[in-house]
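Engineer: Predicted model and sequence below, questions to follow.
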Amino acid sequence: MNPLLIDLFEQGNLAQSIAAHLSIEIANFTLRNFPDGETYIKIESNCQNREIIVLASLEHPNVKILPLLFLARTLHTLGVKRIGLCAPYLAYMRQDKQFNAGEGITSEYFAELLSHYFDWLVTIDPHLHRHLSLNEIYSIPNTVIHAAPAIAKWIANNVKNPLLIGPDMESEQWVKDVAKKANAPYLILEKVRLGDREVNVSQPEIEAYHSHTPILIDDIISTGHTLLATIKQLTQLKMKPPICIGIHGIFADEAYDKLLHAGVAQIVTSNTISHPSNQIDLSFEIANEIKIRYILV
Ligand code: R5P
């Protein structure tokens, strides 16, 4: 039978596009909480001997992880062939070492859990920093899709004379790649993180770029403070209002409104996490990788 897609946390448009690209069915299921907060799950589609693709972006992972693991467990009891996880945003990638004595390296623990319940993993630009590859922590076959080509295309279609700016050394891997593909200059700044909501970013050297449109690019926009600190520097230098591009727009702490009020020209994200700022559609890239690596084999 055809593979089946489960849109576990209602990513609607993304799920429909992926299913359409793969010509597969979207499963019917019920996921709800009992009054005491425990999870109820029931799969209504026939799963017997089928390849299952679970679409589940994992922002706010703590509320999602139990339903996700219970789903995988339920699917196994229904006799599925394999279960793949398509997590366009993969959580728990940033605590990738023990920064202070006594801390848990949660990126490893999260990877162990998912590797136990799923047969393969597809994700978009996970925050790989000290872990150079997902294989260091995930024991299942995995595929990382890069958003850089789609971001470069968006820039080429929408911005004249762009200057790409990465707020920290970690962003260089994304910014450099986009800059090359968009044939645009780029600068990488230095960031010092003083706390969850406190960051300092160095002042860019922009003498040669005053007529350019600054585009700030980061993989994750969480509290927005990394971008807010960068915007502050650009405002002091009297640059044009910047465009902010995030691959994964989490927008914790009303970050979206804070960024809009800070005077940005536009905030653009990819559709790894559903949000009104989604302008970069990655459904084709996701479907294509799933098809080539996991469905046709
Ligand atoms: C970390 O280095 C990431 O690349 C992002 O810069 C970071 O997650 C952004 O977080 P926030 O929006 O809370 O500053």
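Structural biologist: Thanks, I have the structure now.

Engineer: give the contact list for residue 199.
Structural biologist: By C-beta atoms under 8 Å, 6 or more residues apart in numbering, the residues touching residue 199 are 191, 192, 193, 225, 226, 229. Every residue, glycine included, has its C-beta placed from N, CA and C.

Engineer: Apply the buried test to those residues and list what passes.
Structural biologist: 191, 225, 226, 229 (16 or more other C-beta atoms under 10 Å).

Engineer: Which ones among these lie within helices?
Structural biologist: Within the buried ones among the contacts of residue 199, residues falling in helices by DSSP state H are 225, 226, 229.

Engineer: Surely residue 30 and residue 41 touch.
Structural biologist: Yes - using C-beta atoms under 8 Å, residue 30 is in contact with residue 41, at 7.0 Å.

Engineer: Show me where this protein has its helices.
Structural biologist: Using DSSP H, the helices of the chain run over 12-22, 61-77, 106-117, 148-158, 172-182, 225-236, 255-261, 283-290.

Engineer: What is the fifth one packed up against?
Structural biologist: Spelled out, it's helix 172-182. Contacts defined by 3 or more C-beta pairs under 8 Å, 6 or more residues apart in numbering; DSSP states H and E place helix 172-182 against helix 148-158, strand 162-166, strand 186-188, strand 213-221.

Engineer: What would that helix look like as CSV? C-alpha coordinates only.
Structural biologist: C-alpha atoms of helix 172-182 as CSV (Å, rounded to 0.1, in the frame of the first residue of the first chain):
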residue,chain,number,x,y,z
GLU,A,172,28.3,31.9,9.1
GLN,A,173,27.5,28.4,7.7
TRP,A,174,24.1,29.6,6.6
VAL,A,175,24.9,33.1,5.6
LYS,A,176,28.0,32.2,3.6
ASP,A,177,26.1,29.6,1.6
VAL,A,178,23.1,32.0,0.9
ALA,A,179,25.5,34.8,0.0
LYS,A,180,27.3,32.6,-2.5
LYS,A,181,24.1,31.4,-4.1
ALA,A,182,22.6,34.9,-4.2
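
Engineer: So which bits of that helix are buried?
Structural biologist: Buried-residue list, helix 172-182, by 16+ other C-beta under 10 Å: 174, 175, 176, 177, 178, 179, 181, 182.

Engineer: what's stretch 55-71 in contact with?
Structural biologist: Contact with stretch 55-71 is made by 5-9, 11, 14-15, 18, 29, 31, 39, 41, 43, 54, 85-92, 110, 113, 117, 248, 250, 272-274, as judged by C-beta under 8 Å, 6+ apart.

Engineer: buried subset of the residues you listed?
Structural biologist: Buried members of the contacts of stretch 55-71, scored by 16+ other C-beta under 10 Å, are 5-9, 11, 14-15, 18, 29, 31, 41, 43, 54, 85-92, 110, 117, 248, 250, 272-274.

Engineer: Where does pLDDT dip in this structure?
Structural biologist: Applying pLDDT under 70 to the chain picks out residues 297.

Engineer: Can you give me the distance of the residue lying farthest from the centre of the chain to residue 50?
Structural biologist: In the chain, the residue that sits farthest from the middle, by C-alpha atoms, centre = their mean, is residue 207; the gap is 33.2 Å. Applying C-beta to C-beta, to the nearest Å, the value for residue 207 to residue 50 is 60 Å.

Engineer: Next: residue 25.
Structural biologist: Distance, residue 25 to residue 50, by C-beta to C-beta: 9 Å.

Engineer: Could you check which of the two has the larger neighbour count?
Structural biologist: Using other C-beta atoms under 10 Å as the criterion, residue 25 and residue 50 rank with residue 50 on top: 22 against 15.

Engineer: give me every residue that touches the one residue sitting closest to the centre of the chain.
Structural biologist: Centroid check for the chain by C-alpha atoms, centre = their mean gives residue 89 as the closest residue, at 3.2 Å. Going by C-beta under 8 Å, 6+ apart, residue 89 touches 57, 58, 59, 123, 124, 248, 250, 272, 273.

Engineer: Can you tell me how far it is from the ligand?
Structural biologist: 12 Å (C-beta to the nearest ligand atom, to the nearest Å).

Engineer: for the ligand, what are the nearby residues on the chain?
Structural biologist: The chain has residues 127, 168, 170-171, 199, 218-226 near the ligand, with proximity defined as C-beta under 6 Å from any ligand atom.

Engineer: Just give the number of residues close to residue 236.
Structural biologist: Applying other C-beta under 10 Å, we find 9 other residues in the vicinity of residue 236.

Engineer: got the contact list for it?
Structural biologist: Counting by C-beta under 8 Å, 6+ apart, residue 236 touches residue 203.
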